[in-house]
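K.L.:
Sequence and predicted structure are below.
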Amino acid sequence: MNIDGKLTAKRLREKLSIEVMELKSQHGINPKLTVILVGEDPASQVYVKNKVKQTQEIGMISDEIKLPRDTSEKELLNQLERLNHDESVHGILVQLPLPKHIDESTIIAAISPNKDVDGFHAMNSGRLFNGEKGALVPCTPQGCVMLAKQHLGDDLSGMHAVVIGRSNIVGKPVAMLLLQENCTVTIAHSRTKNLPEVCKQADILVAAVGIAEFVKADWVKPEATVIDVGINRVLTDEGKYRLVGDVDYANVVNKCAAITPVPGGVGPMTIACLLKNTILAAKQSIS
Ligand code: GUN
């Protein structure tokens, strides 16, 4: 069966819009997310447009700063310095990837950890690693755990979660979140020996490798819940592009207990969790 990310994200946004109303009426705070886009990358423009739209739809303030491609690292750092000190701004997101002449890790380190709604700052990854409350946790990993719970219920204790992929954005943080949920966690990757056998042990299988239809039907046990993080563009026989995940969906869907489709699975959850993080940052700014 499918796990419906679109519907789960919609329900989360509805819940968040109530929290926004309460923040406004009880504390006079209107959560504000500022998104910075450097350059004209077409995919990034689409992502940013969706972020702005959904921020406004739940009643929050959205601010978009568009900077030319040749913006210097110093100029971007100056903008961040200004936003870090602007009390009306609760969340700051710098859309990645950045042009080559700007160092991403320098930029991420310059965002105030309290406004780092991507959860990429070392302070937030450290808080997550230490299991501290109040950390701003990366959005896609949060969405993955919510979708797993959508099918399995809130208690994931003792389940074996296998994560394929070890990126700072998905693989490592989703492994930490699943560990917090008392799963037994295996982090697998491209160099893992006997990867199909390792995956076959998974009660929860998270695929975040970035390779189209990489996970095959005989890697998955019948009871498994499969969370597909991949978004890959492949050319069809008709010469058109089609979006596929990291899992061979057509062959896996009937071999496992539940799976997130692509599109309509993890993708919609990411922006919903970004809104959730911005509201958390706004709440934490009052206390
Ligand atoms: N580019 C693609 N995905 C993301 C994301 O989650 N955050 C940021 N900042 N940039 C991205």
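P.N.:
Everything's here; your move.
K.L.:
show me what contacts Gly230?
P.N.:
Gly230 sits next to Ala207, Ala208, Val209, Gly210, Ile211, Ala212, Phe214, Val244, Gly245, Asp246, Val247, Val262 when contact means Cβ atoms under 8 Å, 6 or more residues apart in numbering. C-beta: built from backbone N, CA, C; applies to glycine.
K.L.:
Which strand or helix spans Met226?
P.N.:
That one is not Met; residue 226 is Val. Assigned by DSSP states H and E, Val226 belongs to strand 225-228.
K.L.:
Any part of the helix or strand just after that strand near the ligand?
P.N.:
With elements assigned by DSSP H and E, the helix or strand that comes after strand 225-228 is strand 232-235. No - under the criterion of Cβ under 6 Å from any ligand atom, the ligand is not reached by strand 232-235; the shortest gap measures 13.8 Å.
K.L.:
just checking, what packs against the strand holding Val226?
P.N.:
helix 139-152, strand 204-207, strand 258-259 (3 or more Cβ pairs under 8 Å, 6 or more residues apart in numbering; DSSP states H and E).
K.L.:
ok, which pair from the contacts of Gly230 is furthest apart?
P.N.:
Ala208 and Val244 (14.3 Å; Cβ to Cβ).
K.L.:
which parts of the stretch 101-250 of the chain sit against the ligand?
P.N.:
Asp118, Cys139.
K.L.:
Closest residue of the stretch 101-250 of the chain to the ligand?
P.N.:
The nearest approach of the stretch 101-250 of the chain to the ligand comes at Asp118, 4.7 Å away (Cβ to the nearest ligand atom).
K.L.:
and that residue, what is it in contact with?
P.N.:
Leu93, Val94, Ile108, Leu136, Pro138, Cys139, Leu274, Asn277.
K.L.:
same thing with Pro31?
P.N.:
So Pro31 contacts Val20, Leu23, Met60, Ile61, His90, Gly91, Thr278, Ile279, Ala281, Ala282 (Cβ under 8 Å, 6+ apart).
K.L.:
For burial, what's the neighbour tally of Gln26?
P.N.:
9 (other Cβ atoms under 10 Å).
K.L.:
In three-state terms, label it for me.
P.N.:
helix (DSSP: H, G, I helix; E, B strand; the rest coil).
K.L.:
Phi first, then psi, for the closest residue to the ligand within the stretch 151-287 of the chain.
P.N.:
Residue nearest to the ligand within the stretch 151-287 of the chain: Thr270 (6.1 Å; Cβ to the nearest ligand atom). With angles defined as degrees, to the nearest 10, Thr270 sits at phi -60, psi -50.
K.L.:
again, but for the one 4 residues further on
P.N.:
Here is the backbone geometry of Leu274 (degrees, to the nearest 10): phi -60, psi -40.
K.L.:
How about it: what's its closest non-neighbour residue?
P.N.:
Cys139 (4.8 Å; Cβ to Cβ, 6 or more residues apart in numbering).
K.L.:
What about that neighbour, how many residues nearby?
P.N.:
25.
K.L.:
Quick check: it touching Pro268?
P.N.:
No - judged on Cβ atoms under 8 Å, Cys139 makes no contact with Pro268 at a distance of 11.2 Å.
K.L.:
Now for those two: what residues contact both?
P.N.:
Joint contacts of Cys139 and Pro268 (Cβ under 8 Å, 6+ apart) do not exist.
K.L.:
so the closest residue to the ligand within the chain, which of the three states?
P.N.:
Closest contact between the chain and the ligand, by Cβ to the nearest ligand atom, is at Leu96 (3.6 Å). Assigned with three-state DSSP, Leu96 falls in the coil class.
K.L.:
Spatially, and excluding backbone neighbours, which residue is closest to it.
P.N.:
Closest to Leu96 by Cβ to Cβ, 6+ apart is Glu104, at 6.3 Å.
K.L.:
roughly how far apart are the one you found and Lys115?
P.N.:
Using Cβ to Cβ, to the nearest Å, one gets 17 Å for the distance from Glu104 to Lys115.
K.L.:
These two - which one has more neighbours?
P.N.:
Lys115 (27 against 12).
K.L.:
Alright, calling it a day.
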